[in-house]
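1. fold the following.
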Amino acid sequence: MLDGDTGIVLGSRDPQAWGAAITTLLGDPDLARRLSVDARARAERLDWPRSARGLLDVYRGLLEPCSADEYDDRRGLRIA
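-> Numbering: from 1, shown residues only. Predicted coordinates for the structure are as follows:
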């Protein structure tokens, strides 16, 4: 999901934040419709082969060797 493009992403479990997001959508039918249309269009471009390739890329990145002193900020991992 892309926040503001295909939906609303909430970084909180706070009921007030969820309520505010729902209120926004209920109060703005054009926004709700746009998010719905864009979410469907994005979903139609996704498929299992593409998802599998993305997952393989993540695994390959985790297996890349690096020195014990090297730290990968992107993944927050130290791999020797």
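2. so where's the chain uncertain?
-> Low-confidence segments of the chain (pLDDT under 70): 1-2, 4, 65-80.
3. and the helices in it, which stretches?
-> 15-27, 29-45, 48-63 (DSSP state H).
4. tabulate those helices (CSV), appending mean neighbour count and distance to Gly7.
-> Every residue, glycine included, has its C-beta placed from N, CA and C. Shown next, in CSV, are the helices of the chain (neighbours: other C-beta atoms under 10 Å; distance: least, C-beta to C-beta, whole Å):
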stretch, mean neighbour count, distance to Gly7
helix 15-27, 11, 9
helix 29-45, 12, 6
helix 48-63, 10, 18
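5. let's have these in JSON lines, adding distance to Ile8.
-> What follows is these, written out as JSON lines (distance: least, C-beta to C-beta, whole Å):
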{"stretch": "helix 15-27", "distance to Ile8": "5"}
{"stretch": "helix 29-45", "distance to Ile8": "7"}
{"stretch": "helix 48-63", "distance to Ile8": "23"}
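6. for Thr6, find the nearest of these.
-> Set against Thr6 and scored by C-beta to C-beta, the helices of the chain come closest in helix 29-45, at 4.0 Å.
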